[in-house]
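> Dropping the sequence and predicted coords here.
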Amino acid sequence: MSEPQKSKYNKSPRLREDTPRATPDILVCEREERFFKSLYEFIEHEKQFLQCPAEGADELRYSIYRSVFNKVMCDAHACCRIIKTEYDDAGSELKRREDSTARLTQRL
């Protein structure tokens, strides 16, 4: 009995332990791992469900990858909003502290 073959499409360096990562581990969080894994699982499921040919150009495969791209872009956009909010909050706090320091210095 032979072992099941792994899909040739599930070769993300982030998900495989035997390949070096392109970025340090600190930049890859558990949430990202789950997100990318779910994308790969979605791709495989949709290709099987839609019966995409194994190779060659195919409109169905294109629509699957377009859908995944849109999911990635939505996730990236959400992260950008979070980062911008944190950046703005940090800037506001620094400005508040600077103003507070200036007022205290004037009193002395």
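Nice, thanks for sending it over. None of these values were measured; they are calculated from a predicted model. Numbers count the residues shown, from 1 in each chain.

> Span of stretch 45-58 from start to end?
In stretch 45-58, first residue to last residue: 16 Å (C-alpha to C-alpha, to the nearest Å).

> For it, which outside residues touch it?
Residues outside stretch 45-58 that contact it (C-beta atoms under 8 Å, 6 or more residues apart in numbering) are 9, 60, 61, 64, 67. Where C-beta positions appear, they are placed from N, C-alpha and C, glycine not excepted.

> what's the helix or strand for the residue nearest the centre of the chain?
Against the mean C-alpha coordinate of the chain, by C-alpha atoms, centre = their mean, the closest residue is residue 32 at 5.1 Å. Using DSSP states H and E, residue 32 sits in helix 30-49.

> now that helix: mean pLDDT?
Averaged over helix 30-49, pLDDT sits at 88.

> Check which residues of it are buried.
36, 39, 40, 43, 46, 47 (16 or more other C-beta atoms under 10 Å).

> Could you measure from the last one over to residue 74?
So the one you mean is residue 47. 21 Å (C-beta to C-beta, to the nearest Å).
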